[in-house]
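**Student:** Here is the input, now give the coordinates:
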Amino acid sequence: MAGCARGEKKDIETITVWHWMSDREEAFQALAKQFEKDVKIKVRFELYAPSEIYSQRIKASAQTNTLPDIYGILGEKRDFASFIKSGYVVNLAETLDKKEGVVAWKDTLFEKALSVNEFLPGNEYGVAPGIYGIPLDVTTIQMVYNKRLYREAGLDPEAPPETWDEFVAHCQVLKSKGIPRFVSGFGEIWMIDALASNFAMNIMGEEKVFDTYAGKVPYTDPDWVKLFSVFQQMATEDILVQGAVTMVNKTAEQTFANERAAYAFNGSWGVNVYKGMNPKLDYGAMIPPKITNLHPMKIWGGAGGSFVVNNQSYRRANAIRFLIWLTMDEQQAFLATATENLPANKNTLKQISPILAQFGDDMDNAVHPNTYPVHELPAVTEAFDKGIQSILIGERTPEQVAAEVQRIKEKELRKTK
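**Tutor:** Sure, this is the predicted structure:
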């Protein structure tokens, strides 16, 4: 009992789970009751929200060795690595490979979601190779379109645009009918970064994008200028709704849910959000329109919320048993239906709502920034995203932004030498 969290020694049979997902609290409590009924082991879910408060709590608890049996780690990959290196996370790789019947645990889960919690040999953080977290659900960030507005404009609601040229043409039709076109929370620059990286990988491929991050290709390269020109066309063709450049994503979600835009760029979590805002909203999901046919269109995606097992807990065997149960088909289908989040279990896509399944069936196209082999320097990313904002409001040209981002890139590289 030496490694158990303080304050929990009296309740030696109960698995304690800390989480920050307030929208799933009711579903979690129902699952806890079901697990106790099925397995005769109690589970206590404890909610700490919002996520900032939760993050502070787990960091403070790690310092005092009072972490629960199961918890999630919010933050960047380096934060995850620090918990592992401090001995607070179980390496689940062997358990995931172990077969129960004819399949291994890992074979029931989306590979792209597991990879977010994986550390490969020779990783930059010095963490022993393995998989240290279990995805509870998954996300993909794509585009959605309003089918009713499509019908109103005389467009086929079952044939959204697949290419950029088709997208622009459809926007022109929508504009002629007085229908606002495209919204996203571009005031949150990570949303710009997500869409821009999609377009970049389609235009030049992953290898060239990563070579740029590594400093081998300049941002003044014609392919990067072509990328910036896509956003310039958004501005010149009047594709964005007014105010989208400075809009937070919650406002963008309200705009789309209230049918004040025909398209939105948003994540699969939006299914639950839109349902709460407008239950009768008739819409579909689509991959962002490809600029070229040279490379596939990649989307951001992977694990949504993940849980880890505390390696200091003497209840870790039962904690792992609970996570296995929680990611089985029946529990995953229940959780997906109750919360409208994509399940991590890939066997359950046929049991969830059609719109949610549309987000899930493109998981093969998904990449997660945490799994990139090389990452761009933060100052360069900020300049890149804010540069696109300046293009969208007509302040700067693609060539000017490319030159400025490259200038900052070279400045930051000099600091690392």
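**Student:** for the stretch 201-350 of the chain, what spans make up the strands?
**Tutor:** With DSSP state E, counting those that start in this stretch as the criterion, the stretch 201-350 of the chain has strands at 263-267, 283-286, 299-303, 306-309, 342-343.
**Student:** quick one, which of those strands is packed in tightest?
**Tutor:** Burial of the strands of the stretch 201-350 of the chain is given as mean neighbour count (mean count of other C-beta atoms under 10 Å); strand 342-343 ranks first at a mean of 30. Placement of C-beta: from N, CA and C, glycine included.
**Student:** Distance of the closest residue to Lys346 other than its chain neighbours relative to Tyr219?
**Tutor:** Of all residues not flanking Lys346 in the chain, Phe110 sits nearest, at 5.1 Å (C-beta to C-beta, 6 or more residues apart in numbering). Computed as C-beta to C-beta, to the nearest Å, the Phe110 to Tyr219 distance reads 33 Å.
**Student:** Let me see the ranges of the helices in the stretch 251-400 of the chain.
**Tutor:** Assigned by DSSP state H, counting those that start in this stretch, the stretch 251-400 of the chain shows helices spanning 270-277, 316-326, 329-339, 354-360, 378-392, 398-416.
**Student:** Would you single out the least confident of the ones you listed?
**Tutor:** Lowest mean pLDDT of the helices of the stretch 251-400 of the chain: helix 354-360, a mean of 88.
**Student:** Show the pLDDT at the closest residue in space to Leu114 that isn't next to it in sequence.
**Tutor:** Using C-beta to C-beta, 6+ apart and skipping residues adjacent in sequence, the residue nearest Leu114 is Ile131, 5.8 Å away. Note on Ile131: pLDDT of 97.
**Student:** cool, and Thr108?
**Tutor:** 93.
**Student:** Quick check: which ranges of the chain have low pLDDT?
**Tutor:** When residues are selected by pLDDT under 70, those of the chain lie in 1-12, 101.
**Student:** Test my guess that the residue nearest to Leu114 contacts Glu94.
**Tutor:** No. Using C-beta atoms under 8 Å, Ile131 is not in contact with Glu94, being 9.5 Å away.
**Student:** More neighbours: which of these two?
**Tutor:** Applying other C-beta atoms under 10 Å to Ile131 and Glu94 shows that Ile131 carries more neighbours, namely 20 against 9.
**Student:** show me the contacts for that one.
**Tutor:** By C-beta atoms under 8 Å, 6 or more residues apart in numbering, Ile131 lies in contact with Asn91, Leu92, Ala93, Leu96, Lys106, Leu114, Asn117, Glu118, Phe119.
**Student:** With Ile355 instead?
**Tutor:** For Ile355, the contact set (C-beta under 8 Å, 6+ apart) comprises Val271, Tyr283, Gly284, Ala285.
**Student:** and the residues you listed as a markdown table, adding distance to Lys411?
**Tutor:** Below are the contacts of Ile355 laid out as a markdown table (distance: C-beta to C-beta, whole Å):
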| residue | distance to Lys411 |
| --- | --- |
| Val271 | 42 |
| Tyr283 | 44 |
| Gly284 | 44 |
| Ala285 | 40 |
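**Student:** Mind picking the two most distant members of these?
**Tutor:** Taking C-beta to C-beta as the measure, the contacts of Ile355 span a maximum distance of 11.3 Å, between Val271 and Gly284.
**Student:** Give the burial count for Ala379, as a bare number.
**Tutor:** 13.
**Student:** An error on my part: the question was meant for Lys98.
**Tutor:** 11.
**Student:** Would you confirm that it contacts Lys106?
**Tutor:** No. Taking contacts as C-beta under 8 Å, Lys98 lies outside contact range of Lys106: 9.2 Å.
**Student:** and the residue nearest to Leu114, how far is that from Lys415?
**Tutor:** Ile131 sits 34 Å away from Lys415, going by C-beta to C-beta.
**Student:** quick check: angle from the lengthiest strand in the chain to strand 263-267?
**Tutor:** Ranked by number of residues, the top strand in the chain under DSSP state E is strand 137-146. Put simply, strand 137-146 runs at 180 degrees to strand 263-267, going by axes from the mean of the first three to the mean of the last three C-alpha atoms, to 10 degrees.
**Student:** between strand 137-146 and helix 270-277, how big is the angle?
**Tutor:** 60 degrees.
**Student:** before we move on, back to that, filter the contacts of Ile131 down to the ones in helices?
**Tutor:** Ala93, Leu96, Leu114 (DSSP state H).
**Student:** residues near the last one, how many?
**Tutor:** Yep, that's Leu114 we're talking about. Neighbour tally, Leu114, other C-beta under 10 Å: 23.
**Student:** Return the residues in contact with it.
**Tutor:** Leu96, Lys106, Ile131, Pro135, Ala303.
**Student:** returning to what we had before: what's the farthest-apart pair in the contacts of Ile131?
**Tutor:** Maximum pairwise distance in the contacts of Ile131, criterion C-beta to C-beta, is 15.0 Å, between Lys106 and Phe119.
**Student:** Tell me which of these two has more neighbours.
**Tutor:** Applying other C-beta under 10 Å to Lys106 and Phe119 shows that Phe119 carries more neighbours, namely 21 against 17.
**Student:** so how far is Ala169 from that one?
**Tutor:** Distance of Phe119 to Ala169, computed by C-beta to C-beta: 45 Å.
**Student:** what comes up buried for stretch 172-183?
**Tutor:** By neighbour count on 16 or more other C-beta atoms under 10 Å, the buried set for stretch 172-183 is Leu174, Lys175, Ile179, Pro180, Arg181, Phe182, Val183.
**Student:** same check, this time on stretch 32-50
**Tutor:** Ala32, Phe35, Ile41, Val43, Phe45, Tyr48.
**Student:** Please apply the same query to stretch 362-373.
**Tutor:** Buried, per 16+ other C-beta under 10 Å, within stretch 362-373: Asp362, Met363, Asn365, Ala366, Val367, His368, Pro369.
**Student:** Let me know the closest of the residues you listed to Trp18.
**Tutor:** The closest of the buried residues of stretch 362-373 to Trp18 turns out to be His368 (C-beta to C-beta; 23.2 Å).
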